[in-house]
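Undergrad: 3D model of this:
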Amino acid sequence: MKMLRNTVIRAGLEALYFSGAHYVLRPIFAGVGAIFMLHHVRPSRPGEFQPNSHLEVEPEFLRAMLAHLRALDVDIVTMDEAHQRLSERDFARRFACFTLDDGYRDNRDFALPVMREFDAPMTVYVTSDFADGTGRLWWVALERVIAKASSIEVPIGGVATRLDASTPAAKQIAFDRMHDWLRALPGEHDMLREISGLCARYEIDETGVARDLCMSWDELKAFADDPLVTIGAHTVTHCNLAKQPEAVAASELATSRARIEEVLQRPALHLAYPYGDRIAAGPREFALARAAGFKTAVTTRPGMIFPESADHLTALQRVSLNGNYQDARIIPVLTSGAATAVWNGFRRIDAA
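TA: Residues are numbered from 1 along each chain as shown. Model (predicted):
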């Protein structure tokens with residue numbers, strides 16, 4: 001199903017490009033700016049089974065996007081500058097922000113050198129437990145479990161279900177089914193319990209994933225000293241905030257901010273909601289972010305930034321730079337706002 005979805009999205013992006021519709025829609029839907037969302041930036045990896053590849057782009061694709069924005073004479077700014085322009089209703093020039101979620105080491109090793117080429121700032125949203133080396137990147141752990149298994153049994157819908165994992169294609173189908181099942185479980189503890197059981201059964205070091213992939217606090221201290229880098233918060237545990245009691249969700253926000261400020265000795269005034277879609281962040285979470293003192297908070301809801309976004313500073317939409325669509329032809333479609341306009345039914349703001 002997800003492969004079909006990816007095919008449909010790619011076809012839609014290409015249709016916008018080849019039809020030239022993105023040129024027609026740009027003046028209406030490009031807005032006053034865009035906040036681009038990334039996770040990993042790193043060279044391509046070998047292997048057919050890479051179910052999380054949508055979360056990574058190659059440095060050359062990031063470079064191409066930055067060159068395109070410079071050619072358009074778009075200002076590439078910090079989230080502080082974006083906040084100021086929105087607050088002051090200063091829309092004389094279009095702007096773009098680059099944001100990266102989770103705090104991966106490749107943000108330092110591969111993204112930052114590209115950003116330096118363009119003197120372009122970046123905001124990295126750090127999950128406290130990942131920096132501690134104790135966090136649980138369950139989607140990577142799931143990938144590692146399925147990569148190791150030839151078949152796997154899980155209680156989907158309360159029924160023991162055996163899934164084939166003997167080929168790369170079968171592994172992808174198993175991953176998609178298990179990913180959807182895990183995210184649909186009623187509570188965060190249910191999902192983590194199931195993942196922990198799988199990791200124990202298949203001898204995967206669950207917390208080792210964070211140490212392998214994410215910057216430690218010591219690494220973040222040096223990283224944050226770069227003048228192009230802003231560190232934002234991404235909660236303590238990377239939980240689905242909407243599934244938490246209000247007190248727990250509020251603590252996740254406040255504690256993550258306090259932890260960053262304590263260790264890095266710099267303000268953490270910008271937030272990214274984990275998962276960030278409608279089932280993970282809504283009006284309650286937007287209000288909690290304001291109460292926690294964040295200047296801005298970004299979702300994963302697709303969209304450009306419009307003047308009306310100034311009224312929704314803790315529900316800002318982003319444009320995903322998705323590893324499944326690393327095609328130079330798609331870049332002008334993404335910056336035109338055409339793709340997100342079509343996705344949103346031509347609504348400009350999605351903050352409800």
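
Undergrad: ok, the nearest residue to residue 157 once chain neighbours are set aside - contacts?
TA: Closest residue to residue 157 in three dimensions, ignoring its sequence neighbours and counting by CB to CB, 6 or more residues apart in numbering: residue 181, at 7.8 Å. Heads up, the C-betas are built off the backbone N, CA and C, glycines and all. The contact partners of residue 181, by CB atoms under 8 Å, 6 or more residues apart in numbering, come to 154, 156-157.

Undergrad: and stretch 101-116, how far out from the chain's middle?
TA: When C-alpha coordinates are averaged (CA atoms, centre = their mean, to the nearest Å), stretch 101-116 and its chain have centres 14 Å apart.

Undergrad: residues in contact with the helix or strand in which residue 288 is found?
TA: Secondary structure here is read from DSSP states H and E; on that basis residue 288 sits in helix 283-291. The contact list for helix 283-291, computed with CB under 8 Å, 6+ apart, reads 241-242, 246, 249-250, 253, 271, 273, 297, 312-315, 351-352.

Undergrad: may I see the ChimeraX selection of the buried members of those?
TA: In ChimeraX, selecting the buried portion of the contacts of helix 283-291, with burial taken from 16 or more other CB atoms under 10 Å, looks like this:
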select :241,242,249,250,253,271,273,297,312,313,314,315,351
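
Undergrad: ok, so of the contacts of helix 283-291, who is nearest residue 326?
TA: Top of the list for closeness to residue 326, among the contacts of helix 283-291 and by CB to CB, is residue 273 at 25.0 Å.

Undergrad: for that closest one, give me the pLDDT.
TA: pLDDT recorded at residue 273 is 98.

Undergrad: how about the nearest residue to it, chain neighbours excluded?
TA: Going by CB to CB, 6+ apart, residue 273 has residue 281 as its nearest residue, at 3.8 Å.

Undergrad: for the contacts of residue 181, which single residue is the most surrounded?
TA: When neighbours are counted by other CB atoms under 10 Å, residue 154 leads the contacts of residue 181 with 18 neighbours.

Undergrad: surely that residue touches residue 194?
TA: Yes. Residue 154 is in contact with residue 194 according to CB atoms under 8 Å; the separation is 7.2 Å.

Undergrad: domain parsing for the protein?
TA: In terms of domains, the chain is parsed into 2-133+216-343, 138-201 (source: automatic domain parsing).

Undergrad: picking that back up, any chance of JSON lines for the contacts of residue 181, columns secondary structure, distance to residue 81 and pLDDT?
TA: Listed next are those as JSON lines, based on DSSP: H, G, I helix; E, B strand; the rest coil; distance: CB to CB, whole Å; pLDDT from 0 to 100:
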{"residue": "154", "secondary structure": "strand", "distance to residue 81": "46", "pLDDT": "93"}
{"residue": "156", "secondary structure": "strand", "distance to residue 81": "47", "pLDDT": "90"}
{"residue": "157", "secondary structure": "coil", "distance to residue 81": "48", "pLDDT": "85"}
